[in-house]
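Peer 1: any chance you can model this:
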Amino acid sequence: MNKTILIFRIFFLTMSLMACVLLSYVVEEWTLLPVVFVGMSVAALVILTDILLQGFSLRGLSAITFGLAIGGLIAYLISTSPLFEPLEADPRLAETLFLSRLALYVISMYLATVVALRGKDEFNLVIPYVRFSSQSVEVPLVVVDTSALIDGRIAAICQSRWFGYSLIVPRFVLEELQSVADSSDPARKEKGRKGLEILNRIRKMKHVDLRIYQSDVPDRDAVDSKLVYLAETMKAKLLTTDYNLAKLAEFHGIEWLNLTALVKALNQEVSVGTRINVELVRPGKDAGQAIGYLPDGSMLVVNNGRKWIGKEIRVEVDSVVPSSGGKMVFATHYPDIADGSV
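Peer 2: Sure, this is the predicted structure:
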């Protein structure tokens, strides 16, 4: 974006210079150097104004336009009211009448513009900045964080068609993913590439409504602050696995979707007699035992399963013992238990 603006500024200066040269030839009374000096000074002043207005968004411009229009309308209604009739009847007060109306217009337009600028986030008159609301869209919105893309489980959830939200991925989240992927740290680089791959997987799912939010968030530097502000402005929920960001969102009254809580809620309830598939990863303490883990992280001790280490087998739960870390499950592998559903 900055490179594009720089190129456009150079193009503007070049066109201004050519216009000055052409004007000096068309008007014979004007010499070349004074015309070029004045013209380029005006062009430089325009670019300086552009630089001073850097960060001023179309949303702010729409607020100013709205404020000026409302302020002018209020001043017009007051100035044409019977309040000014005594002044109009006396010709000697014509100058006072003019100054009074001028002051009324200036004060009304100033106050209305200030009020509009302070509440510019409450309305949007420019189409690209129209705020989403539950009344104007068929499905609710959710803003996706970098951590949720790196986590990867969102792709499987979207693939299942159970995810009933439109996904909003801000441009600054993509830039953060790209910076992580370009990191010199191999671990961070792998995470960044995984996040980009997950995003590409979701983009290919035709049934998923994925939207890239192109505009940046004004007056915000930290990515977390931008995400919270964007979710609050768009009346959207926040999808993240970052606990600190989730608590920040809760503080601002924004609902957040917890992928970990969702996965735990979908875990199969394990009780005596339940048959489940488990991958055995290491030997147990007692003879013949092998250890595996349930999706929620609980340890599963399998009797007669040592020879199946490194493979996935079907076992039957014998007992469930509560522990300080949650629960410990004991199961037995019987040769007559076939793989498949119960």
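
Peer 1: from Asp242, how far off is Pro170?
Peer 2: Distance, Pro170 to Asp242, using Cβ to Cβ, to the nearest Å: 15 Å. Quick note: C-beta positions are derived from backbone N, CA and C, even for glycine.

Peer 1: what do you get for Lys206?
Peer 2: Taking Cβ to Cβ, one finds Lys206 at 29 Å from Asp242.

Peer 1: which of those two has more neighbours?
Peer 2: The neighbour count for Lys206 versus Asp242, taken as other Cβ atoms under 10 Å, is higher for Asp242 (19 against 6).

Peer 1: so the more buried one sits against Asp145, correct?
Peer 2: Yes. Under the criterion of Cβ atoms under 8 Å, Asp242 makes contact with Asp145 at 6.2 Å.

Peer 1: so how far is the strand or helix carrying Met40 off the chain centroid?
Peer 2: Secondary structure from DSSP states H and E places Met40 in helix 32-52. What separates the centre of helix 32-52 from the centre of its chain is 38 Å, taken as Cα atoms, centre = their mean, to the nearest Å.

Peer 1: mean confidence for the very next helix or strand once past it?
Peer 2: Per DSSP H and E, the first helix or strand lying C-terminal to helix 32-52 is helix 58-79. Helix 58-79 carries an average pLDDT of 81.

Peer 1: in helix 58-79, which residues are buried?
Peer 2: Arg59, Ser62, Ala63, Ile64, Phe66, Gly67, Leu68, Ile70, Gly71, Ile74, Ala75, Ser79 (16 or more other Cβ atoms under 10 Å).

Peer 1: of those residues, closest to Val115?
Peer 2: If you rank those by distance to Val115 using Cβ to Cβ, Gly67 comes first, at 6.6 Å.

Peer 1: my guess is that closest one contacts Arg118. True?
Peer 2: No. Using Cβ under 8 Å, Gly67 is not in contact with Arg118, being 9.8 Å away.

Peer 1: before we move on, back to that, any buried residues in the helix holding Met40, and which?
Peer 2: Buried residues in helix 32-52 (16+ other Cβ under 10 Å): Val35, Val36, Gly39, Ala43.

Peer 1: distance of the nearest residue to Thr274 once chain neighbours are set aside relative to Lys311?
Peer 2: Take Thr274 and drop its neighbours on the chain: the residue closest to it by Cβ to Cβ, 6 or more residues apart in numbering is Val317, 4.6 Å away. Applying Cβ to Cβ, the value for Val317 to Lys311 is 19 Å.

Peer 1: who has more neighbours, those two?
Peer 2: When neighbours are counted by other Cβ under 10 Å, Val317 and Lys311 differ, and Val317 comes out ahead with 18 against 11.

Peer 1: what's downstream of the strand or helix carrying that one, the next helix or strand?
Peer 2: According to DSSP H and E, Val317 maps onto strand 312-323. Note on strand 312-323: by DSSP H and E, the next helix or strand toward the C-terminus is strand 326-332.

Peer 1: OK, contacts around the closest residue to Leu149 other than its chain neighbours?
Peer 2: Leaving aside its sequence neighbours, Leu149 sits nearest to Gly195 (Cβ to Cβ, 6+ apart; 4.0 Å). Applying Cβ atoms under 8 Å, 6 or more residues apart in numbering, we find Gly195 in contact with Thr146, Leu149, Ile150, Gly152, Leu177, Val180, Ala181.

Peer 1: for the third one, the count of nearby residues, please.
Peer 2: Right, Ile150. For Ile150, the count of nearby residues is 20 (other Cβ under 10 Å).

Peer 1: quick one, what contacts it?
Peer 2: Residues counted as contacts of Ile150 (Cβ under 8 Å, 6+ apart) are Leu177, Val180, Lys191, Gly192, Lys194, Gly195, Ile198.

Peer 1: what's the burial count for the fifth one?
Peer 2: The number of residues packed around Lys194, counting by other Cβ under 10 Å, is 17.

Peer 1: report the buried residues of the helix or strand hosting it.
Peer 2: Secondary structure from DSSP H and E places Lys194 in helix 186-203. Of the residues in helix 186-203, Lys191, Gly192, Lys194, Gly195, Leu196, Ile198, Leu199, Arg201, Ile202 count as buried by neighbour count, 16+ other Cβ under 10 Å.
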